[in-house]
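Would you be able to build a 3D model of this:
(chains A and B)
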Protein chains: 2
Amino acid sequence: MERADRDLAFMLQYENIAWYDNGKVRILDRRCYPRRVEFVECARYAEVAQAVTDMVTQSAGPYTAAAMGMALAAYECREKSADAQRAYLRAAADCLSSARPTTAKRMRQVCDTALNAAEKALLSGENVAEAIKANAIRANDARYTKIGHMASYLVDMFPDKGAVMTQCFGETIVGQMLRVAKARGKQLRIFCPETRPYFQGARLTATVCYEMGFDVTVITDNMPAFVMEREHIDVFTSAADVICMDGHVVNKVGTFQIAIVAKYMGIPYYVTGAPDVVHPDIGSVKIEMRDSDFVLQAMGVKTARDGVKGYYPAFDVTPPALVSGVVTDKGIYCPYDLARYQKEGNAGEYELVV
Amino acid sequence: MERADRDLAFMLQYENIAWYDNGKVRILDRRCYPRRVEFVECARYAEVAQAVTDMVTQSAGPYTAAAMGMALAAYECREKSADAQRAYLRAAADCLSSARPTTAKRMRQVCDTALNAAEKALLSGENVAEAIKANAIRANDARYTKIGHMASYLVDMFPDKGAVMTQCFGETIVGQMLRVAKARGKQLRIFCPETRPYFQGARLTATVCYEMGFDVTVITDNMPAFVMEREHIDVFTSAADVICMDGHVVNKVGTFQIAIVAKYMGIPYYVTGAPDVVHPDIGSVKIEMRDSDFVLQAMGVKTARDGVKGYYPAFDVTPPALVSGVVTDKGIYCPYDLARYQKEGNAGEYELVV
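Modelled structure (predicted):
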């Protein structure tokens, strides 16, 4: 394998994002990637939940981590009675689901799926941990296939030669989008806002774009308006942490203002992901406020003097009026008509927004 | 003097921004302030120009530095013939004026004023360096008085109790605005976007606000839309590097997109400064593109992998349609009617936008 391909595979395959094996869950520490390649190793499910809370992984990473954490929980309680194992796994599901508030409902679904797999294994006498892991792999494989379709619809919206602006890091969809664009010979310049305070755009998205051979430019988060105008951005696209059935999009803080600017400029904004029946409207989403001191530093160096306060909403909310289209595995939907997505075809065992 | 007052004085008095004395110009190094208090000492005018190019000082700092640099140039050539001194000073004016492209015309005015003061001194036999310095101090004193008026008009636009968002660091106007607001008993929460890549908002504006006793919060540059909505921002205000006679505002990159977001939210944007006759329209302004590698680091730590490109426009352009009012020393003007500012009253020897 070429070095570039290996690096990309490294970033995008869930074997590296979070992986259960032999009583341990190993999670790629994205807080320091790509400067350092380090893994957080968890011997108990509570450590997996803490790693998610601590932003060791993000984007779709927490879902894989939660599923693998459930496998670990099954390993932890393997010598208990079947009923004690059930109770232990229910407690693990509660703990892992609540690791981050904004995506709690989605995390709950992942954990419930693991509980179902566990129940089947308990009844049939299979190894519960391995059954949960196998189930997680199947779900992820299905998700990867769906995201391939999603990427295809998204790339339809790109010009053959042009410029695309991203926001934060959309994990699988970023890699799939680039693969499809490359296969179709689209010549794209990609502009990645750095995405403070964690720099996911500079560290993760830009890395994947570069390694896929694209012309990629990192800008600071105060530059999107200037760049949209001067560099003739054709499309703004982002993934989402939640797409509510009423068309509101919850994604990394900054998405909202780039969408406002895109609207002002007449540039379309396409969000990728599946509309989420567990979130009928934006009122059902709790925006996570993280440790405010974190915005008073950059890459570990303090920026403001003592006494100055910080403020750190992890996500913001983009209303449907600013969304040009919701790009799903089944096609592109109007943000005001997302109920149709659920009605059309098989929505799958569970949907992961990526 | 109280410590807080001393710190504020330190930040805002031009004796600390840039100062000529005994054949040396000393410039506060704002690149590391407030973490470290360091000065760049220049023994030749070319070093002053280089310091301005290198962002040792910014906002109105370069104007004071240029004037003091002209005094230094006069010191350097003091033993030459009068005509040789004239030639030397003209060369110094050319060099200092061109230290940064976007404000070149304004810098030219400052240097021309110094040349006039030098000419008078040469004719009357005064010490040329001291004459230039005295002239710079007079001009700055006049400017400070004007900015006091400007601050008064600006604070008229603030509620008695509310929230204000700033952008970058407006030097004198920030201090004056806070003094006036405090004197009038206005209870303001101030939100400062950090202003990447140099963090002037986090390092400088927030420091001044805190030391003046205000409730100040630093946010990252991707948060203004979220904060405007959730924290009920009443007013967005910034200074400007250039206010063109056609109402276009050139200021630190990011101003444009915050102004777009403010317009979307129905929040007024007031820019402080004097409309500039040397810039009849935006076509006369060259936007400075700085070293693009600088956006690939934060506080000295690299953020993106090798091979990824950066992009660094120092300023952006906000069109008059997004400007609610141009707050000058003579009152608040409609951005489409700035010619009236020049006609009304005495526009002064030269105007410095702060």
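
Now do the phi/psi pair for A:Asp215.
phi -80, psi 110 (degrees, to the nearest 10).

And the one 4 residues further on, by the same measure?
Torsion angles at A:Ile219 (phi, psi; degrees, to the nearest 10) stand at phi -130, psi 160.

Okay, and the beta partners of it?
A:Pro193 (DSSP bridges).

Now that it has come up, it's in contact with A:Thr195, right?
No: using Cβ atoms under 8 Å, A:Ile219 is not in contact with A:Thr195, being 10.4 Å away. To be clear about C-beta, it is placed using only N, CA and C from the backbone, and glycine gets the same treatment.

residues contacting A:Met265?
Contact analysis of A:Met265 by Cβ atoms under 8 Å, 6 or more residues apart in numbering or on different chains lists A:225, A:228-229, A:233.

ok, now with 6 Å
A:Met265 makes contact with A:Met228, according to Cβ atoms under 6 Å, 6 or more residues apart in numbering or on different chains.

Quick one: low-confidence residue ranges for chain A.
A:1-6, A:346-354 (pLDDT under 70).

Please list the residues of it that sit near chain B.
A:34, A:196-197, A:199, A:202, A:206-207, A:210, A:216-223, A:225-226, A:253-254, A:256-257, A:260-261, A:264, A:295, A:298-299, A:301, A:303-305, A:307-311, A:313, A:316 (Cβ under 6 Å from any Cβ of the partner chain).

Can I take it that A:Leu167 is in a strand?
One thing to correct before we go on: residue A:167 is Gln, not Leu. No: under DSSP: H, G, I helix; E, B strand; the rest coil, A:Gln167 sits outside any strand and is assigned coil.

Just give me the neighbour total for it.
Neighbour count of A:Gln167, defined by other Cβ atoms under 10 Å in any protein chain shown: 29.

pretty sure it contacts A:Thr255?
Yes: in terms of Cβ atoms under 6 Å, A:Gln167 counts as a neighbour of A:Thr255; the distance is 5.1 Å.

joint contacts of these two?
By Cβ under 6 Å, 6+ apart, A:Gln167 and A:Thr255 have these common neighbours: A:Ser238.

For ChimeraX, what selects the buried ones among the residues of chain A next to chain B?
To isolate the buried members of the residues of chain A next to chain B in ChimeraX, using 16 or more other Cβ atoms under 10 Å in any protein chain shown:
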select /A:34,196,197,199,202,206,207,210,216,217,218,219,220,221,222,223,225,226,253,254,256,257,260,261,264,295,298,299,303,304,305,308,309,310,311,313,316
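
Helices along chain A, start to end?
A:3-12, A:14-17, A:45-53, A:61-76, A:82-97, A:104-124, A:128-156, A:172-183, A:200, A:206-211, A:224-230, A:255-265, A:339-343 (DSSP state H).

now the ones you listed as a markdown table including distance to B:Ala65?
Formatted as a markdown table, those follow (distance: least, Cβ to Cβ, whole Å):
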| stretch | distance to B:Ala65 |
| --- | --- |
| helix A:3-12 | 46 |
| helix A:14-17 | 51 |
| helix A:45-53 | 48 |
| helix A:61-76 | 48 |
| helix A:82-97 | 57 |
| helix A:104-124 | 54 |
| helix A:128-156 | 50 |
| helix A:172-183 | 45 |
| helix A:200 | 38 |
| helix A:206-211 | 36 |
| helix A:224-230 | 26 |
| helix A:255-265 | 34 |
| helix A:339-343 | 60 |
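
and among those helices, the most buried is which?
helix A:61-76 (a mean of 28; mean count of other Cβ atoms under 10 Å in any protein chain shown).

okay, now A:Gly125: neighbour count?
Using other Cβ under 10 Å, A:Gly125 has 8 neighbouring residues.

And it, how close does it get to A:Glu119?
Using Cβ to Cβ, to the nearest Å, one gets 12 Å for the distance from A:Gly125 to A:Glu119.

Next: A:Leu72.
Distance of A:Leu72 to A:Glu119, given as Cβ to Cβ: 17 Å.

Quick one: residues contacting the residue in the stretch 101-250 of chain A that chain B sits nearest to.
Taking Cβ to the nearest Cβ, chain B has its nearest neighbour within the stretch 101-250 of chain A at A:Asn222, 2.7 Å off. Counting by Cβ under 6 Å, 6+ apart, A:Asn222 makes contact with B:196, B:221, B:253-254.

ok, A:Thr217 touching B:Tyr311?
Yes: contact criterion Cβ under 6 Å: A:Thr217 and B:Tyr311 qualify, at 5.0 Å.

can you list the domains in chain A?
Domains of chain A are assigned by automatic domain parsing as A:10-145, A:149-343.

Wait, A:Gly307 touches B:Tyr210, no?
Yes: counting by Cβ under 6 Å, A:Gly307 does reach B:Tyr210; the two are 5.0 Å apart.

Look up the closest residue to the residue nearest to the spatial centre of chain A, ignoring the ones flanking it.
Closest to where the C-alpha atoms of chain A average out (Cα atoms, centre = their mean) is A:Ser59, at 2.1 Å. Once flanking residues are discounted, A:Ser59 sits nearest to A:Glu171: 3.8 Å by Cβ to Cβ, 6 or more residues apart in numbering or on different chains.

measure A:Thr166 to A:Ile173 for me?
In terms of Cβ to Cβ, A:Thr166 sits 10 Å off from A:Ile173.

which phi and psi does A:Cys334 have?
A:Cys334 adopts backbone torsions of phi -70, psi 130, taken as degrees, to the nearest 10.

Compute the number of surrounding residues for the closest residue to it other than its chain neighbours.
Spatial nearest neighbour of A:Cys334, excluding adjacent residues (Cβ to Cβ, 6+ apart): A:Gly325 at 7.0 Å. By the measure other Cβ under 10 Å, the count of residues near A:Gly325 is 19.

Which residues does A:Gly325 form beta bridges with?
With DSSP bridges as the criterion, A:Gly325 is bridged to A:Tyr270.
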